[in-house]
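Enquirer: heads up, no residue letters with this:
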């Protein structure tokens, strides 16, 4: 059935028709929401609320954008409301999370158990690079973070982003320029994969911890990001980073349960939660 027919049926109140329209991008939508709110349960709840609100408001959809763009706009503004009043994260949040983990036997035990017994407890370097990207994006002003994720992770055009966040082309381009500039600087200063002066070696250290039989440097050298670290400009390396991680679903990756503990640790040191749910 064509989308136009399904939209007509949805506007007539047929929820099954709206399900058919919503399902093709539901997984992407949930991953997008998670990258903004960084909590599985909240991402599930918000995605459900987006479905309900979009179905309730479908009569207002006039087709000037794709339905996916329209729904992502609803989700974006729900996330902005949800995050209102929360401060942006600091670039050293992962360092502080690591110190907290090293000081807690409970956290260490939880990480070991996830790695050993969870179906999604594997450690893979690419997934940790993705985790790091999500954490670093939380340091940006919310409009910049949203524009960056929509463009570089989910391939929305600048025009579509203007429709999602209710802005203008020059403003969105400004958000993207500033976001990429800030992220490039952060990674150049912090990431040892990009800069030999980078202070963060978590990817290789954690690989050595969770995969002791692997040669961490060998695994790293499989990545274009690492192989080109000495020959590419900083901006090109940032593009390689996004290319590496853009198809990773943080909610359904091989190590998503393991990285959920890392994320809760980070949220704890940022003051967003008091306790970690192991």
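Expert: Alright, I've got the coordinates. Bear in mind that the values here come from a model prediction, so they are computed numbers and not experimental data.

Enquirer: for the residue most central in space within the chain, what are its contacts?
Expert: Central residue of the chain (Cα atoms, centre = their mean): residue 35, 3.0 Å from the mean position. With contacts defined as Cβ atoms under 8 Å, 6 or more residues apart in numbering, the neighbours of residue 35 are 134, 137, 149, 153, 250. C-betas here are computed from N, CA, C, even on glycine.

Enquirer: cool, residue 17 as well?
Expert: If a contact means Cβ under 8 Å, 6+ apart, then residue 17 has 6-7, 9-10 as its contacts.

Enquirer: Leaving out the residues flanking it, which one is nearest to it?
Expert: residue 9 (3.6 Å; Cβ to Cβ, 6 or more residues apart in numbering).

Enquirer: and of the contacts of residue 35, the nearest to residue 181?
Expert: When those are compared for distance to residue 181 (Cβ to Cβ), residue 137 wins out at 13.3 Å.

Enquirer: Which helix or strand contains the nearest residue to that closest one once chain neighbours are set aside?
Expert: With Cβ to Cβ, 6+ apart as the criterion, residue 137 has its nearest non-adjacent residue at 4.9 Å, and that residue is residue 145. When secondary structure is defined by DSSP states H and E, residue 145 falls within helix 142-148.

Enquirer: So which elements touch that helix?
Expert: Helix 142-148 is packed against helix 67-83, helix 158-165, helix 169-190, with contacts defined by 3 or more Cβ pairs under 8 Å, 6 or more residues apart in numbering; DSSP states H and E.

Enquirer: With mean neighbour count and distance to residue 50 as added columns, please give the ones you listed in CSV.
Expert: Conversion of these to CSV gives the following (neighbours: other Cβ atoms under 10 Å; distance: least, Cβ to Cβ, whole Å):
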stretch, mean neighbour count, distance to residue 50
helix 67-83, 19, 5
helix 158-165, 20, 13
helix 169-190, 17, 21
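
Enquirer: got JSON lines for these, with mean pLDDT and distance to residue 128 too?
Expert: As requested, these are arranged in JSON lines below (pLDDT from 0 to 100; distance: least, Cβ to Cβ, whole Å):
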{"stretch": "helix 67-83", "mean pLDDT": "97", "distance to residue 128": "24"}
{"stretch": "helix 158-165", "mean pLDDT": "98", "distance to residue 128": "28"}
{"stretch": "helix 169-190", "mean pLDDT": "97", "distance to residue 128": "13"}
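
Enquirer: Need these in CSV (columns: distance to residue 208).
Expert: Written out in CSV, the entries for those read as follows (distance: least, Cβ to Cβ, whole Å):
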stretch, distance to residue 208
helix 67-83, 35
helix 158-165, 39
helix 169-190, 19
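
Enquirer: sorry, back to before: which ones among the contacts of residue 17 map onto strands?
Expert: Secondary structure assignment by DSSP state E places none of those in strands.

Enquirer: ok, the residue nearest to the centre of the chain to residue 108 distance?
Expert: To residue 108, residue 35 is 27 Å away according to Cβ to Cβ, to the nearest Å.

Enquirer: And for residue 17?
Expert: The spacing between residue 17 and residue 108, counted by Cβ to Cβ, is 50 Å.

Enquirer: Now do the same contact list for residue 201.
Expert: Contact analysis of residue 201 by Cβ under 8 Å, 6+ apart lists residue 192.

Enquirer: still on that earlier bit, quick one: classify the residue nearest to the centre of the chain as helix, strand or coil.
Expert: In three-state terms, and counting by DSSP: H, G, I helix; E, B strand; the rest coil, residue 35 is helix.

Enquirer: before we move on, the earlier item: which of the contacts of residue 17 ranks first by neighbour count?
Expert: When neighbours are counted by other Cβ atoms under 10 Å, residue 10 leads those with 24 neighbours.
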